[in-house]
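# build the 3D model from these lines:
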Amino acid sequence: MKQVLFVCIHNSARSQMAEAFLNHCCPGSIRAFSAGIEPGRLNPVVVEAMREVGMDISGNATKSVADMIDSGERFDAVVTVCDEASAERCPYIPGSGERLHWGFPDPSALAGTPEEKLARTREIRDQIRGRVEAWCQEASRSVSVR
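Residues are numbered from 1 along each chain as shown. The predicted structure is shown next:
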């Protein structure tokens, strides 16, 4: 089974959503993990947005990239999901396989009313889901995880 690591800054939103969607879309062929450079706390707006599509991530722990490196896990692909402004902070994972960057806006940086933040988080969630589902379909048809 291929293993994929999604990385963002705090492991509180984008990487958590990508991990959940990939584990849901590609069971048995790809196993997803997520981590952050500076693990924070799960974003409650993201938890709510994911619950709306039938995925409960409320019990997930945030993890650090350092912990993932120390665990000795080997990854066939590392996908950074930082926004373009933070992309340079996304770390290099030694010894890992293919490296991809999928830039998504950071839900924790959204401004506005709670309703506006949730609406924008839904858009980001749907962008992540679409990208993950397309990638999962492609990966299931090919030998390489691209």
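
# state the distance from the residue lying farthest from the centre of the chain to Val45.
For the chain, the largest distance from the centre (CA atoms, centre = their mean) belongs to Thr113, which lies 24.8 Å off. Here Thr113 is placed at a distance of 11 Å from Val45 (CB to CB, to the nearest Å). The way it works is simple: take the backbone N, C-alpha and C, and place the C-beta from them, glycine included.

# can you give me the end-to-end distance of stretch 1-16?
One end of stretch 1-16 sits 20 Å from the other (CA to CA, to the nearest Å).

# in terms of contact, does Arg74 touch Met1 like I think?
No - Arg74 is beyond contact range of Met1, at 11.5 Å (criterion: CB atoms under 8 Å).

# dump the residue contacts of Asp106.
With contact set as CB atoms under 8 Å, 6 or more residues apart in numbering, Asp106 has these partners: 8-9, 13-14, 82-83, 86.

# max pairwise distance over these: which two?
Across those, no pair lies farther apart than Ala13 and Ser86, at 12.2 Å, counting by CB to CB.

# helices along the chain, start to end?
14-25, 44-52, 65-71, 114-141 (DSSP state H).

# can you check what angle separates the second one from helix 114-141?
To tie it back to what came earlier, the one meant is helix 44-52. Put simply, helix 44-52 runs at 60 degrees to helix 114-141, going by axes from the mean of the first three to the mean of the last three CA atoms, to 10 degrees.

# same question for helix 44-52, mean pLDDT?
Mean pLDDT, helix 44-52: 98.

# residue contacts, the residue farthest from the centre of the chain?
So Thr113 contacts nothing (CB under 8 Å, 6+ apart).

# any idea how far it lies from Ala119?
9 Å.

# same deal with Gly103?
20 Å.

# and what of Pro44?
For Pro44 relative to Ala119 (CB to CB), the value is 15 Å.
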